[in-house]
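Q: next input, structure requested:
(one chain, ligands or ions: 1)
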Amino acid sequence: MFPYNLDHVAIAVRDLDAAVERYGRLYGAGPLYREVVEAQGVEEAMIPVGGSFVQLLRPLGPDTPVGRFIERRGEGVHHLAFAVADIDAALERLRREGARLVDDTPRRGGRGARIAFVHPDSFASTLVELVELEP
Ligand code: CO
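A: Predicted coordinates:
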């Protein structure tokens, strides 16, 4: 089964404290936790919504992927993340279907998950992340 859940929708923001505060006032929910993921150059605030999360993403600097995204396009939706049971099988299927992969092999993301990104060229200009959580 691929994917089995919408894990998160990530929104790039300039100021994480301000975004968390405003999101809470507008939508009445706050983050379950925050995490700095140095390898991706971001700090994440994970706000639970049903069985999924809204992930507010702050770049750690201007010269990071999310920093460059905000520079080019401003704040906004950055990617969708699907939870998958077997990320290696999911990548294999995408490769077979001719998708353009950002990551040929999985790397470590937040929550210690194995993650990989699929290039926006592959589907409707939308960056997609696959997440294989620890069982
Ligand atoms: Co993500």
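Q: how about Arg100, nearest residue that isn't a chain neighbour?
A: His119 (3.9 Å; Cβ to Cβ, 6 or more residues apart in numbering). C-beta: built from backbone N, CA, C; applies to glycine.
Q: and the nearest residue to Val128 once chain neighbours are set aside, how far is that from Pro135?
A: Once flanking residues are discounted, Val128 sits nearest to Val118: 4.3 Å by Cβ to Cβ, 6+ apart. As judged by Cβ to Cβ, to the nearest Å, Val118 and Pro135 stand 23 Å apart.
Q: my guess is the residue nearest to Val128 contacts Ala124, does it?
A: No: at 11.5 Å, Val118 does not count as touching Ala124 under the criterion of Cβ atoms under 8 Å.
Q: looking at those two, which one has more neighbours?
A: Val118 (23 against 7; other Cβ atoms under 10 Å).
Q: ok, and for the longest helix along the chain, which residues are buried?
A: Using DSSP state H, we find that the single longest helix of the chain is helix 16-27. Using 16 or more other Cβ atoms under 10 Å as the burial criterion, the residues of helix 16-27 that qualify are 16, 19-20, 23.
Q: with stretch 32-48 instead?
A: By neighbour count with 16+ other Cβ under 10 Å, stretch 32-48 contains the buried residues 37, 40-47.
Q: let me see the mean pLDDT of stretch 11-21.
A: With pLDDT averaged residue by residue, stretch 11-21 scores 98.
Q: that one: end-to-end distance?
A: 14 Å (Cα to Cα, to the nearest Å).
Q: please apply the same query to stretch 32-44.
A: For stretch 32-44, the first-to-last residue distance is 11 Å (Cα to Cα).
Q: that one near the ion at all?
A: No: against the ion, stretch 32-44 shows no contacts by Cβ under 5 Å from the ion, the least distance being 7.3 Å.
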